[in-house]
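Novice: quick one, structure for this:
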Amino acid sequence: MMKIGDRFKDKVTGKIYIIKMETDNHTLFLEGENGLGRRLTGEDNLKRTCEKLEDIES
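Specialist: Coordinates of the predicted model:
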């Protein structure tokens, strides 16, 4: 299950995205870790094109 704040690394570009919002139809709104770059994608596509990064524990 994906949740707001989960981090993903794009397998091609290496950019890191954070889930900021999920819509009713399971479309995810992602924002680049540096605050730049935005992306809309579905859960299946995200799993195919990105790898989930482990949660940062403090």
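Novice: which other residues reach the worst-scoring helix or strand of the chain on mean pLDDT?
Specialist: Ranked by mean pLDDT, DSSP states H and E, the helix or strand of the chain with the weakest confidence is strand 38-42, at a mean of 91. The contact list for strand 38-42 (C-beta atoms under 8 Å, 6 or more residues apart in numbering) reads 17, 26-32, 49. Glycine gets a C-beta too; all of them are placed from N, C-alpha and C.
Novice: helix, strand, or coil at residue 51?
Specialist: Counting by DSSP: H, G, I helix; E, B strand; the rest coil, the backbone at residue 51 sits in strand.
Novice: skipping its backbone neighbours, what lies nearest it in space?
Specialist: Closest residue to residue 51 apart from its sequence neighbours, by C-beta to C-beta, 6 or more residues apart in numbering: residue 9 at 5.4 Å.
Novice: that neighbour bridge partners, please.
Specialist: Going by DSSP bridges, residue 9 is paired in beta bridges with residue 16, residue 51.
Novice: report the secondary structure state of residue 46.
Specialist: Going by three-state DSSP: residue 46 is helix.
Novice: any weak-confidence spans in this protein?
Specialist: Where the chain drops to pLDDT under 70, the residues are 55-58.
Novice: just to check, the residue nearest to residue 51 is in contact with residue 46?
Specialist: No - counting by C-beta atoms under 8 Å, residue 9 stays clear of residue 46, with 11.1 Å between them.
Novice: looking at the two, which is more packed in?
Specialist: residue 46 (20 against 14; other C-beta atoms under 10 Å).
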